[in-house]
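K.L.:
Take this sequence and fold it.
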Amino acid sequence: MNPVNILLVDDQPAKLLSYEVILEELEENLIKAQSAREAFEHLLRTEIAVILVDVCMPEQDGFELVSMIRQHPRYQNTPIIFVSAVMLAEPDRLRGYAVGAVDYVSVPIVPEVLRAKVRVFADLYRKTRELERLNAELEARVHQRTAELEASAAQLRELNEELEHRIDQRTREREEALAQLFEAQKLDTIGHLTGGVAHDFNNLLMAVLGSLNLLKKRLPPDERSERLVTNAIQAAERGTALTQRLLAFARRQELKPQAVDFLRLFENVEDLLAKAVGPRIEIRKSIPADLAPLLVDSNQLELALLNLFVNARDALESGGVVTVAAAAEESRPASLAGGNYIRISVSDDGEGMDEATVSRAAEPFFTTKGVGKGTGLGLSMVHGLAAQSGGSIQISSVRGKGTTICLWLPVAETFVKVLPAVEPPATEPLKPSSRPLAILVVDDDALVRTGTVAMLEDLGHLPQEASSASQALEFFAGGQDCDLVITDHAMPGMTGAELARHLRSSFPGLPIILASGYAEFSEDHGLGRMLRMKKPFTQEQLQAAMDQALSGKIAAA
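P.N.:
Below is the predicted model of the structure:
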C-alpha cells in the first residue's frame, strides 16, 4: 500500500504532536504546518489526500483557511476535517460545513474515532487515484487501438485498390494476347494455351483468397474493416470466375492420347513446318524407322512441333539449320517415373539464350521478341503438353551456339488411365481434428504454398513445406514422419503425379492429395485410388478433402 500525504494544520506544536502520535499507526506520510501560510506552501508543492485544520488560529482562523483552500482547483474535493476545543456549538459546525469541511471533530479527541475517519478518507483517495490511472490507461489503449484500426483500414483499402488494378491489368493482358493468338494459330490450340495461363493465375488468386479469408476471421469486430476485406474478397472472386471460364474452355480441348508413329507424324507435317520456317532455313531429321510408338495426342504434338519450329525460325533471322531427332534412350531426367520414354529434340544453330532467359522460357507470356511481337505462349503450350502426357521438357542453350529443346514422352506400352476427378463438397462444415497432423505441402508457387500452410495451421495442424518434388523426396529420405502429403500437380521437373508414384513405392499407405487448377491428370493402376482437388480451394474444401484422404488412417490410429 502506498502511503498518502496528510496535512496537519495547528498553531500549537503540542497539538500537532498529539495528532502525529494518534495517526502514526496508519503509516501514512504526515505533514505539519503551524499557520495558514505554511499550510498553503505545502499544498502548492505536494499532493495532499486529507487535511486536518484547527478552527481557532491567530492571523487566519480555520474557516478562512478552508474557504481559501476550496478556491484552488486541485483541492475543491479534498477531504477537510475541522478540529476545535471551543467552537462546538451547532452554528459553528454548520459554518464549518458551509465553507467546505466534510467532518467536525471536538477536543478532547477520541484517537480511535480520528484514526477511523482519516483512514476512510485516505483509502478513498487511493482508490480514486487508481481509478483515474486505470481510466487513463484505458483511454490510451482505446486511442492506440483506434489508430491501429484506422491504419489497418487504410492498408485494406490500398490492398483492395491494388488487387482490382492487377486483376484489370492481367485481364487486359490476357485479352490482348488471346486476340493475337486467334490471328496466329488454329482455334483448337487456344484451349491448352489458355489452360496454362489460367492455371498460373488460379495459383495467384488462391493465395490472395486464402490470405484474405484467414485475415477476415482474425479482424476485430469493426464494420469498416470487415467491409473492406469483403470487397477485396469479392474482387478476387471475380478474377476466379474469369479463370474458371478460361479453364472451362481449356477442358473442351481435352487430350486424346493414342499410339503415335512419330516418323509418320513428322513426315505428314514436314511440308507445313518447311513453310513455317521459310526457304532460308534447312530442316534436317534423324528419326529411326523402328522407333516405338508414343502415347500422346497427335494433334497437340503436331502443334507443339509447329511452335518449336517457329521459335527456331525467330532465332535464325539470317537463316541456318533446324534439326529434329528422336531416340529411345535408357538415360532420362530424374523427374520421370519408371517406364520407357522417347526423347524428341529440336535444335537450331542460332544466337542462343543466356541462363536467365532459359530459366523463364517456358513461362506463359514470356517473350524475348519485344512488345507486340509474339504471344510468349508457344513453349508454355509445349510444356503443358509434356506435363499432361506424363512426360517432361528440357531447354538448353549457349550464347552464339544455338538452342536445343528436348521433349520426353512415354511410349504406348506405359499407358496411363485418366480417372474422373473427385471433387470435395464446397459447403461441408469444418470438423476439429482429433490430433494435430504432420502434413507436407509441396508446391513450386511460394504464394500458394504459404496460403495452404496458413489454412492448415489455422485448423491446428503442423504443416511443413517443400518447393519441389525433389525437395519432398529429400524430406522423406531424412526419415521425417508425415501423416499426409498435399502436392501440386503441374510442377517443373517432377510432377505431383510422378512424386506420388515415387512415394507410393516406398510408403504404400501414405494418404496423398493431388491439387491442380486443371483437376485433369493421370494415375497408374498400381497406385490405387488417389484424391484430387481442384484449385482454388477454400479452407472448408481442404478440410473435406483431408477427411476423405485420411479416413482410413485416422480410424486405424
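K.L.:
among the helices and strands of this protein, which has the poorest mean pLDDT?
P.N.:
In the chain, no helix or strand scores lower on mean pLDDT, DSSP states H and E than strand 417-418, which sits at a mean of 36.
K.L.:
Mind giving me the packing neighbours of the lengthiest helix in the chain?
P.N.:
When the chain is parsed with DSSP state H, its longest helix is helix 111-184. If you count contacts as 3 or more Cβ pairs under 8 Å, 6 or more residues apart in numbering; DSSP states H and E, helix 111-184 packs onto helix 13-23, strand 50-54, strand 80-84, strand 103-106, helix 187-218, helix 223-251. (Each C-beta comes from the backbone N, C-alpha and C, glycine too.)
K.L.:
Show me the shaky parts of the stretch 51-200 of the chain.
P.N.:
Where the stretch 51-200 of the chain drops to pLDDT under 70, the residues are 88, 173-200.
K.L.:
strand partners of the stretch of helix or strand residue 463 belongs to, parallel vs antiparallel please.
P.N.:
Per DSSP states H and E, residue 463 falls inside strand 462-466. With DSSP bridges as the test, strand 462-466 is paired with strand 438-442 (parallel).
K.L.:
Which parts of the strand it pairs with count as buried, going by neighbours?
P.N.:
For strand 438-442, the buried set under the neighbour-count rule, 16 or more other Cβ atoms under 10 Å, comprises 439, 440, 441, 442.
K.L.:
Please tell me I have it right and the second one contacts residue 461.
P.N.:
No - with contacts counted by Cβ atoms under 8 Å, residue 440 stays clear of residue 461, the gap being 11.0 Å.
K.L.:
on that earlier part again, the strand holding residue 463: which residues count as buried?
P.N.:
Residues 463, 465, 466 are the ones in strand 462-466 that count as buried (16+ other Cβ under 10 Å).
K.L.:
same check, this time on stretch 454-463
P.N.:
Result for stretch 454-463 [16+ other Cβ under 10 Å]: buried residues 454, 455, 456, 459, 461, 463.
K.L.:
Other residues contacting that stretch?
P.N.:
210-211, 214, 217, 430, 432-433, 436-441, 452-453, 539, 542-543 (Cβ atoms under 8 Å, 6 or more residues apart in numbering).
K.L.:
can we see that at 7 Å?
P.N.:
Outside stretch 454-463, the residues within contact range by Cβ atoms under 7 Å, 6 or more residues apart in numbering are 210-211, 214, 433, 436-439, 441, 453, 539, 542-543.
K.L.:
From start to finish, how long is it in a straight line?
P.N.:
Using Cα to Cα, to the nearest Å, the gap from the first to the last residue of stretch 454-463 comes to 9 Å.
K.L.:
And for stretch 438-457?
P.N.:
11 Å.
K.L.:
Report the distance from that stretch to the chain centre.
P.N.:
10 Å (Cα atoms, centre = their mean, to the nearest Å).
K.L.:
heads up, I number from 47, so please use that
P.N.:
Sure, I'll start numbering at 47, so the last one becomes stretch 484-503.
K.L.:
secondary structure element for residue 112?
P.N.:
Using DSSP H and E, residue 112 falls within helix 108-117.
K.L.:
and which of the buried residues of strand 508-512 is nearest residue 100?
P.N.:
Taking Cβ to Cβ as the measure, residue 100 lies nearest residue 509 of those, at 77.8 Å.
K.L.:
give me the beta-bridge partners of the closest one?
P.N.:
residue 485.
K.L.:
Just give me the neighbour total for residue 589.
P.N.:
Close neighbours of residue 589, defined as other Cβ atoms under 10 Å, add up to 21.
K.L.:
Just the element for it, please.
P.N.:
Applying DSSP H and E, one finds residue 589 within helix 585-602.
K.L.:
thinking again about what came up before, and of the buried residues of strand 484-488, the nearest to residue 444?
P.N.:
Nearest member of those to residue 444, counting by Cβ to Cβ, is residue 488, at 32.2 Å.
K.L.:
contacting residues for that closest one?
P.N.:
Residue 488 neighbours (Cβ under 7 Å, 6+ apart): 512, 515, 518, 531, 533, 534, 542, 545.
K.L.:
who's in contact with the residue nearest to residue 270 when sequence neighbours are not counted?
P.N.:
The shortest distance from residue 270 to any non-neighbouring residue, by Cβ to Cβ, 6 or more residues apart in numbering, is to residue 199 (5.5 Å). Going by Cβ under 7 Å, 6+ apart, residue 199 touches 270, 271, 274.
K.L.:
gap between the closest residue in space to the last one that isn't next to it in sequence and residue 62?
P.N.:
Nearest residue to residue 274 in three dimensions, chain neighbours excluded: residue 202, at 3.8 Å (Cβ to Cβ, 6+ apart). Residue 202 sits 66 Å away from residue 62 when distances are taken as Cβ to Cβ, to the nearest Å.
K.L.:
and what of residue 266?
P.N.:
Here the criterion is Cβ to Cβ. By it, residue 266 lies 57 Å from residue 62.
K.L.:
Between the two, which is the more surrounded one?
P.N.:
residue 62 (19 against 10).
K.L.:
Thought residue 56 was touching that one, still the case?
P.N.:
Yes - counting by Cβ atoms under 7 Å, residue 62 does reach residue 56; the two are 5.1 Å apart.
K.L.:
give me the number of residues near residue 267?
P.N.:
Neighbour tally, residue 267, other Cβ under 10 Å: 6.
K.L.:
Doesn't it belong to a helix?
P.N.:
No - read with DSSP: H, G, I helix; E, B strand; the rest coil, residue 267 is coil and lies in no helix.
K.L.:
Quick check: phi and psi on it?
P.N.:
Per-residue torsions, residue 267: phi -70, psi 80 (degrees, to the nearest 10).
K.L.:
Okay, now the unreliable bits of the stretch 247-396 of the chain?
P.N.:
In the stretch 247-396 of the chain, residues with pLDDT under 70: 247-249, 284, 286-301, 376, 383-384.
K.L.:
same thing but at 50, please
P.N.:
Within the stretch 247-396 of the chain, the set of residues satisfying pLDDT under 50 comprises 295, 297-298.
K.L.:
any idea how far residue 545 is from residue 536?
P.N.:
Applying Cβ to Cβ to residue 545 and residue 536 gives a distance of 12 Å.
K.L.:
To clarify, my last question referred to residue 561.
P.N.:
Distance from residue 561 to residue 536, by Cβ to Cβ: 10 Å.
K.L.:
hey, what's in contact with both of these two?
P.N.:
Counting by Cβ under 7 Å, 6+ apart, nothing touches both residue 561 and residue 536.
K.L.:
Check the secondary structure at residue 360 for me.
P.N.:
helix.
K.L.:
For it, grab the count of nearby residues.
P.N.:
For residue 360, using other Cβ under 10 Å, the count is 18.
K.L.:
same question, the one 10 residues further on
P.N.:
For residue 370, the number of neighbouring residues by other Cβ under 10 Å comes to 21.
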